[in-house]
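# Sequence first, then the predicted structure, then my questions.
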Amino acid sequence: MVKPVTKSKPATQAIPAQGAARVVAPSGLTASGYVVARTRATVAAEVTGRVVEVRVEEGQTVQAGQVLATLDNSLATVDARSTQARAVSAQAALNSAQAQYAQAQRDLARSQSLAKTGYISDASLQGAVLKARVAEAQESLSRAQLAAARSDSNRTQVQLSKYEIRAPFAGVVIDKAAQPGEIISPLSAGGGFTRTGICTLVDMDSLEIEVDVNEAYIGRVSAGQKVEAVLDAFPNTVLPARVIATIPTASRDKATVRVRIGFEAKDVRVLPEMAVKVTFLENRP
């Protein structure tokens, strides 16, 4: 069984994450790991289509909802215009049916008034009643047809909007995968002529550190514990950080537990996948 270190012995080392070099610190528990982005996405299309334009490059900052690329939408545009025209026609039909129904109601009211004084026959009155009922039914039918036409129009408009691929969140483009002329599909077709992604986007505000700590020493790590982080790229700079959480499962192969660590302040030098060494500072009463 491994025992905790004493002041006269070297500090305990954590198992490095992903094969990184082990580091010995003068005091405290140490570990090596990598900077990771909690919010990262390969932005893909919701429809299959040919890329017309890609509006981003690697390293470019984009805002949530910004158009990243456009696909050929010629057929979708025709469909959207057709359903919109049907909705306009259905609205005109409803307007006409409403006018006819209003007129039939006025005619019925007049016939009922005349019938009371005996100026028209019962047959004429029944004819006016029937005409009003037919007009009412036509008005209801036209209203339903308009609702269906509007639903179709809205559906095709939503479908048309999918030919513009937008950023799901604000971030930085770290990889551009598609070029104009290529075919983009939501699902891989299993061949080499279809791509599924436009680019990879990372939220730089979501950067944190992941390290693997030997399970024998995980009891020395707690949420909120202060950490000193040093990037391999900037060995003379210590970045203050804190433990976010301990992932509640261990690796059977490595006998380690993964720990998430958050930076205390944003630093523009920190980039995804950078190697980093951390020292867990001992909590003192």
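Cool, the structure landed.
# remind me which residues of the stretch 101-250 of the chain are low pLDDT?
187-194 (pLDDT under 70).
# Strands of that one, start to end?
Remark: strands of the stretch 101-250 of the chain, listed N- to C-terminal, are 164-166, 171-176, 183-184, 194-195, 197-202, 207-214, 226-231, 239-251; assignment by DSSP state E, counting those that start in this stretch.
# Go ahead and flag the most central residue of the chain.
With the centre of the chain defined as its mean C-alpha position, the nearest residue by CA atoms, centre = their mean is Pro168, 4.6 Å away.
# That one: what's its closest spatial neighbour, skipping adjacent residues?
When the adjacent residues along the chain are set aside, Pro168 lies closest to Ala41, with 5.9 Å between them (CB to CB, 6 or more residues apart in numbering). Heads up, the C-betas are built off the backbone N, CA and C, glycines and all.
# what about the one you found, how many neighbours?
Here the number of neighbours of Ala41 (other CB atoms under 10 Å) works out to 16.
# cool, and the one 3 residues further on?
For Ala44, the tally of surrounding residues (other CB under 10 Å) stands at 17.
# Test my guess that it contacts Ala177.
No: the pair formed by Ala44 and Ala177 falls short of the contact definition of CB atoms under 8 Å, at 9.3 Å.
# any shared contact partners between those two?
Taking CB atoms under 8 Å, 6 or more residues apart in numbering as the contact rule, Ala44 and Ala177 both touch Gly197, Ile198.
# So for whichever strand or helix holds the residue nearest to Pro168, mean pLDDT?
Assigning secondary structure by DSSP states H and E places Ala41 in strand 40-44. Strand 40-44 comes out with an average pLDDT of 94.
# where exactly do the helices run in the protein?
Secondary structure of the chain, counting by DSSP state H: helices at 74-117, 122-161.
# buried ones in the last one?
This means helix 122-161. Counting neighbours by 16 or more other CB atoms under 10 Å, one finds that the buried residues in helix 122-161 are 125, 128, 131-132, 135, 138-139, 142, 145-146, 149-150, 152-153, 156, 159-160.
# and the angle for it with helix 74-117?
Going by axes from the mean of the first three to the mean of the last three CA atoms, to 10 degrees, helix 122-161 is angled at 160 degrees with respect to helix 74-117.
# Which strands and helices lie in contact with helix 122-161?
For helix 122-161, the contact count by 3 or more CB pairs under 8 Å, 6 or more residues apart in numbering; DSSP states H and E identifies helix 74-117 as packing neighbours.
# so what secondary structure elements neighbour the helix it packs on?
Contacting helix 74-117 under the criterion 3+ CB pairs under 8 Å, 6+ apart are the following elements: helix 122-161.
# Can you give the distance of the helix it packs on from its chain's centre?
Its chain's C-alpha centre and that of helix 122-161 lie 39 Å apart, by CA atoms, centre = their mean, to the nearest Å.
# cool, stretch 163-182 as well?
Centre to centre, stretch against its chain (CA atoms, centre = their mean), the figure for stretch 163-182 is 13 Å.
# in that stretch, what's buried?
Within stretch 163-182, the residues that count as buried by 16+ other CB under 10 Å are Tyr163, Ile165, Ala167, Phe169, Ala170, Gly171, Val172, Val173, Ile174, Lys176, Ala177, Ala178.
# what does stretch 197-212 give?
Those would be 197-204, 207-212, for stretch 197-212 by 16+ other CB under 10 Å.
# Over to stretch 224-239?
With burial defined by 16+ other CB under 10 Å, the residues of stretch 224-239 counted as buried are Gln225, Val227, Glu228, Ala229, Val230, Leu231, Leu239.
# Leaving out chain neighbours, which residue sits closest to the fifth one?
Read that as Val230. Once its chain neighbours are removed from consideration, Val230 has its nearest residue in Lys277; the separation is 5.1 Å (CB to CB, 6+ apart).
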